[in-house]
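**Q** Structure for the following, please:
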Amino acid sequence: MTRHSVGFVYVLSNASMPGLVKVGCTSRLAEDRAKELQTTGVPTQFLVEFRILTSHPESVEKHTHESLDAERVSPNREFFTTPVEEAIQTVREAALLVDGIDARATGPTTYVGPRDRVVLSLRAGELFFVIGHPNGPLYPPQVLDIWQAQSDGDALELYGTDNPEHVSSFSAADSFGHVDPVPYIDRQATSLNGTIIGKESLDIGDRILWIHHDAQSGVCATSLIESSCHCQVVNRTWNPRVDISGFPRILNLVDEDVLVPSLIPEVRKVLASGPPRTVSATGRRLRGETPSSEDPPHSEYWLPALSPKPKRGKTTS
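**A** Numbering: from 1, shown residues only. Just a heads-up that it's a prediction; the model follows:
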C-alpha cells in the first residue's frame, strides 16, 4: 500500500537580498531549511515569510517556479524578483492545483493507513459524503455525514493512526474534541496553522466521497478516500466565512443549494461498490464506546517534522 506523507513549500526573504524571494520545498520545517541556507557567504539570516503544508511539495514547488519563471534571477537558482505577496499567492494557487480535486479525479482510491498524512486543497462549495458501515460489515453502507468546504484554499488534513483513543471530533463531544492537533507549524509556536473550522474522525473502513459540482455544465468531479485505520480529520481556513451570528462557518454546515440532484448517482455508485478494503468487525465506534484519551497526542505525533530532533529527509531546494 502506498504511504502518504506531507512536506512544506516556503517563501523566504533576506535583508541582504532586497527585492528577491526564494521559493523552495522541504520535508522538514521551513526554519530548518532557512538556517541551512545561511552560509558564510550570506551576512544575514533568511526570514520565513510563508509556508504551506502539502501532500506534494515537489510538484507545488515546480508549478510555482513555472508560474514565476519570467521573474527568475538565474535558471539554476530558485530566487525570483517577485514581491512577497505575489510569491505567496502563487504558491497558494499551485497548491490548489496540485492538491485539489482536479489532480485526483481520474486517480484511484486514496487509502489512508496508520502514520499516513494527506492534505487536500479545497474550493468553496465542494462536498464530502462520509460513508460507512455503522452496524458492521454485514449490513449495507450508509451516508453518515455531509461536509462542505467553505472557502477557496481551505485544507482538509487526514492523519491516520492505529490508536482509536487518539482521534476526536467536534460532533462527538469528545474530551479533547475542541483541541487543534497541529495548531502551529513551527517549533516556537509563532506560525499559526490557519483557523480550525472542523474536526471529525473516521473509523476503519469509512469512506469520503469528495465531489466538485460544476454548476454550469452539471458535471461532477469526484475522488474517493478510504480509511484503513482510525483517522483524524481537520478542516482549516485562512479566509473564514462568517455566519449570521458572527462565528466562522464550519465543515458540517452545508448550504441547501449545493445539494443538487446530479450528486445522487455519484453517491449511489459508492454505496453499491461493495465493501471497503478494510472494515471494522464490530461496526462504527459509537459515541462514548471508545472514549478519547484525556491527554491528546503532541503535535509532533501528527506532524513528525515538528519533533525537536527532525528526521533527515529530502532537503531539496
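**Q** Quick check: buried residues in the longest helix anywhere in the chain?
**A** With secondary structure taken from DSSP state H, the chain has its longest helix at helix 84-99. Using 16 or more other Cβ atoms under 10 Å as the test for burial, helix 84-99 gives Ala87, Ile88, Thr90, Val91, Arg92, Glu93, Ala94, Ala95, Leu96, Leu97, Val98, Asp99. Just so you know, the C-beta spots here come from the backbone N, C-alpha and C atoms, and that holds for glycine as well.
**Q** got it, and stretch 104-114?
**A** So stretch 104-114, judged by 16+ other Cβ under 10 Å, has buried residues Arg104, Thr110, Tyr111, Val112, Gly113.
**Q** Repeat that for stretch 61-81.
**A** Quick answer for stretch 61-81 (16+ other Cβ under 10 Å): Glu61, His63, Thr64, His65, Ser67, Leu68, Glu71, Arg72, Glu78, Phe79, Phe80.
**Q** ranges for the helices of the stretch 51-200 of the chain?
**A** 57-67, 84-99 (DSSP state H, counting those that start in this stretch).
**Q** Leaving out chain neighbours, which residue sits closest to Val233?
**A** Glu200 (4.6 Å; Cβ to Cβ, 6 or more residues apart in numbering).
**Q** Ok, Leu251 next?
**A** In space, and not counting its chain neighbours, Leu251 is closest to Gly198: 2.6 Å by Cβ to Cβ, 6+ apart.
**Q** distance of that neighbour from Ile52?
**A** According to Cβ to Cβ, to the nearest Å, Gly198 and Ile52 sit 19 Å apart.
**Q** cool, Asp186 as well?
**A** In terms of Cβ to Cβ, Asp186 sits 13 Å off from Ile52.
**Q** Over to Ile208?
**A** 22 Å.
**Q** Return, as residue ranges, the portions of the protein with sub-threshold pLDDT.
**A** Residue ranges of the chain with pLDDT under 70: 1-2, 40, 280-294, 309-317.
**Q** what residue is smack in the middle of it?
**A** Val119 (2.5 Å; Cα atoms, centre = their mean).
**Q** Please work out how many residues are found near the spatially closest residue to it that is not a sequence neighbour.
**A** In this structure, Val119 finds its nearest non-sequential neighbour in Ser55, 4.7 Å apart by Cβ to Cβ, 6+ apart. Ser55 has 24 neighbouring residues, counting by other Cβ atoms under 10 Å.
**Q** Pick the one among the buried residues of helix 84-99 closest to Glu256.
**A** Proximity of these to Glu256 (Cβ to Cβ) peaks at Leu96, which lies at 25.7 Å.
**Q** A strand includes Asp32, no?
**A** No: the assignment for Asp32 is helix, going by DSSP: H, G, I helix; E, B strand; the rest coil, so no strand is present there.
**Q** List the contacts of the longest helix of the chain.
**A** Residues outside helix 84-99 that contact it (Cβ atoms under 8 Å, 6 or more residues apart in numbering): 9, 11, 13, 21, 23, 49-50, 52, 54-56, 59-61, 63-64, 67-68, 80, 82, 103, 119-121, 123, 152-153, 155.
**Q** If we use 7 Å, what do you get?
**A** If you take Cβ atoms under 7 Å, 6 or more residues apart in numbering as the criterion, helix 84-99 is touched by 9, 11, 13, 21, 23, 49-50, 52, 54-56, 59-60, 63-64, 67-68, 80, 103, 119-121, 153.
**Q** Tell me which stretches of the chain form strands.
**A** Counting by DSSP state E, one finds strands in the chain at the ranges 7-14, 21-26, 46-54, 79-80, 110-112, 117-121, 127-132, 142-148, 155-161, 195-202, 207-213, 220-227, 230-237.
**Q** now the residue nearest to Val119: how far from Val118?
**A** Counting by Cβ to Cβ, the gap from Ser55 to Val118 is 6 Å.
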